[in-house]
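>>> structure of the sequence below:
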Amino acid sequence: MGSKTSVTDHADTRSLMTDITFEELRPEQISGLLGRWAQEDPDSKAFILRRIKPRTRFILIGVAAMLLLLVVAFFDHALIAPAGTRTAISLIINPVPKPTRVSLPLLQDPVGLVAVVMTLLAPVLFAVQVSAIREFNSTNKRNIAYRVRDLAPARDKIDREIKLANDRFSRIGRREASAVILLLSAAASAVIDYLFRKWGLFLDWNKTDLSGSTWKSRVYAGWWANPDSHLVLAIALWALGCYFFYFIMKQIWMGAVFAIYINKVTKCKFGVSPTMTANTDGFWGLSPVRRFMLATYSSALGHTVMVVGILVIWLPFNAFTIVMVTAVTIINSTEVIYPTIVGHVGAHEEKRLFVQHILDNAKCPTPTKDEVAQIGEVWARPVLPIRVRSTLTTVTVSLLFPFFLAVVSRLLGG
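Numbering: from 1, shown residues only. A predicted model of the protein is given here:
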């Protein structure tokens, strides 16, 4: 009779393990371009952008936009400097006393090129983050299969957090929210363009004998995106600014939603959880987490270089520079530090739980040599699927590079 009860209990346990399932997170609901347009039928006659993966979609958009910008600049005579005209960069490196004309064409404007490339690359990294978040729940459940039944008491709470996160993702993707974000993006891009006209370009990097006002007016007059002489390119730069701000706002919002979700489910022992049984993907089951972290680090570094280039090199150093550089530094550092800390806490907790699992299933009260060796291997494994050096490098650049460049700009300008 006791044996029959034992068999039934094991059957119930297997059933419980099979029945515990969690819905996937749906960050793609943030935007149609990020996957909300996905078609179930691959042979659908829907518009081609709806039938390809978001990452590929943004790569194609970026390549097309870059080629179009270069073609327009070529026909608008803004791609390279006219013969006999010095560029702003060449005058900064090798100045002459009083140049009569200054040119700043697209291919000889390093800040502009970095800004354009990073603007078009940012949504690609955003799509990688979305893809990784979408795989988080299924990857976690697979990695903790040995203890998934222990989540039964917290199942309702985890389901509730998943629903809240998905509702928030959908809210970001609603037409009303998207329209507001688009208007804010257009306004932010217009403000930056206004500051270019008002304060000029490379003002603090003037090494000629020209006055500051004369220098900035001549550089701006020869700039490839000057609306007075290159209206189409000026509109294109404004549109690129809208594109950048639109997706960066949604990316920050998505990151906040995911951070809240991770914080909540980690308390339910469903945080970042490496597999402790087999290294199936080379990163102990954390390949999606690795993709997310690499995309986050790359995005933070790229945004830092681009924004600092605009605020510190293009624009003059002033109180606005200090405020904006500080804000960018705080945001980018938080983007890197917080997920790293949360991931470390979750992975460390998973190691502890697996060691406890080994001890609970030990045949003797005292662990055998094999069990001690297995426990040692668990603690020796990397906590996260990315080197600490990468995190420290990203944080260091995000914290120090903006202020270092601001000081250099100020000293040169002085």
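>>> how many residues are close by the closest residue to residue 188 other than its chain neighbours?
Computed as Cβ to Cβ, 6 or more residues apart in numbering, the closest residue to residue 188 that is not its neighbour in sequence is residue 245, at 4.7 Å. The way it works is simple: take the backbone N, C-alpha and C, and place the C-beta from them, glycine included. Here the number of neighbours of residue 245 (other Cβ atoms under 10 Å) works out to 20.
>>> buried set for the helix or strand containing residue 245?
Element membership for residue 245, per DSSP states H and E: helix 231-266. For helix 231-266, a neighbour-count test (16 or more other Cβ atoms under 10 Å) marks 233-234, 236-238, 240-251, 253-255, 257-258, 261-262, 264-266 as buried.
>>> ok, then the element right after that helix?
helix 287-308.
>>> now that next one: mean pLDDT?
Mean per-residue pLDDT for helix 287-308: 87.
>>> same thing with stretch 259-276?
The average of the pLDDT scores along stretch 259-276 is 88.
>>> and that stretch, how far out from the chain middle?
Centroid displacement of stretch 259-276 relative to its chain, using Cα atoms, centre = their mean, to the nearest Å, is 20 Å.
>>> ends of that stretch, how far apart?
Taking Cα to Cα, to the nearest Å, stretch 259-276 runs 24 Å from one end to the other.
>>> where along the chain do the helices fall?
2-19, 54-75, 88-93, 110-134, 136-143, 155-173, 175-199, 212-221, 231-266, 287-308, 319-360, 369-380, 388-413 (DSSP state H).
>>> nearest to residue 278, out of the ones you listed?
Of all these, helix 136-143 sits nearest to residue 278, with 10.1 Å by Cβ to Cβ.
>>> which parts of that closest one are buried?
136-137, 139-141, 143.
>>> kindly export that helix (C-alpha atoms) in PDB.
Output of helix 136-143 as PDB, limited to C-alpha atoms (Å, rounded to 0.1, in the frame of the first residue of the first chain):
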ATOM      1  CA  PHE A 136      14.000  35.000 -20.900                       C
ATOM      2  CA  ASN A 137      11.100  33.000 -19.300                       C
ATOM      3  CA  SER A 138      11.500  29.900 -21.400                       C
ATOM      4  CA  THR A 139      15.200  29.900 -21.000                       C
ATOM      5  CA  ASN A 140      14.900  30.300 -17.200                       C
ATOM      6  CA  LYS A 141      12.400  27.500 -16.900                       C
ATOM      7  CA  ARG A 142      14.600  25.100 -18.900                       C
ATOM      8  CA  ASN A 143      17.700  26.000 -16.800                       C
END
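>>> tell me who's in contact with residue 302.
Residue 302 sits next to 118, 121-122, 125 when contact means Cβ atoms under 8 Å, 6 or more residues apart in numbering.
>>> try residue 166
Contacts of residue 166 by Cβ under 8 Å, 6+ apart are 23, 25-26, 29.
>>> where's residue 266 relative to residue 349, distance?
Distance of residue 266 to residue 349, given as Cβ to Cβ, to the nearest Å: 7 Å.
>>> now swap in residue 342 and tell me
11 Å.
>>> now do the shared contacts for those two.
Taking Cβ under 8 Å, 6+ apart as the contact rule, residue 342 and residue 349 both touch 266, 271.
>>> pretty sure residue 120 contacts residue 67?
No: using Cβ atoms under 8 Å, residue 120 is not in contact with residue 67, being 10.9 Å away.
>>> which one of the buried residues of helix 136-143 is nearest to residue 327?
After measuring those against residue 327 - Cβ to Cβ - the closest member comes out as residue 136, at 28.6 Å.
>>> dump the residue contacts of the closest one.
Neighbour list for residue 136: 25, 288-289 [criterion: Cβ under 8 Å, 6+ apart].
>>> mind putting these in a markdown table, distance to residue 303 and neighbour count included?
Formatted as a markdown table, the contacts of residue 136 follow (distance: Cβ to Cβ, whole Å; neighbours: other Cβ atoms under 10 Å):
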| residue | distance to residue 303 | neighbour count |
| --- | --- | --- |
| 25 | 24 | 22 |
| 288 | 22 | 21 |
| 289 | 21 | 27 |
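>>> please report how far the residue nearest to residue 285 when sequence neighbours are not counted lies from residue 300.
Excluding its sequence neighbours, the residue lying closest to residue 285 (Cβ to Cβ, 6+ apart) is residue 275, at 3.4 Å. With distances taken as Cβ to Cβ, residue 275 is found 28 Å from residue 300.
>>> and if you look at residue 336?
5 Å.
>>> residue 120 and residue 67: which is more packed in?
Taking other Cβ under 10 Å, residue 120 and residue 67 do not tie; residue 120 has more neighbours (21 against 10).
>>> residue contacts, that one?
Counting by Cβ under 8 Å, 6+ apart, residue 120 makes contact with 58, 61-62, 65-66, 240, 243.
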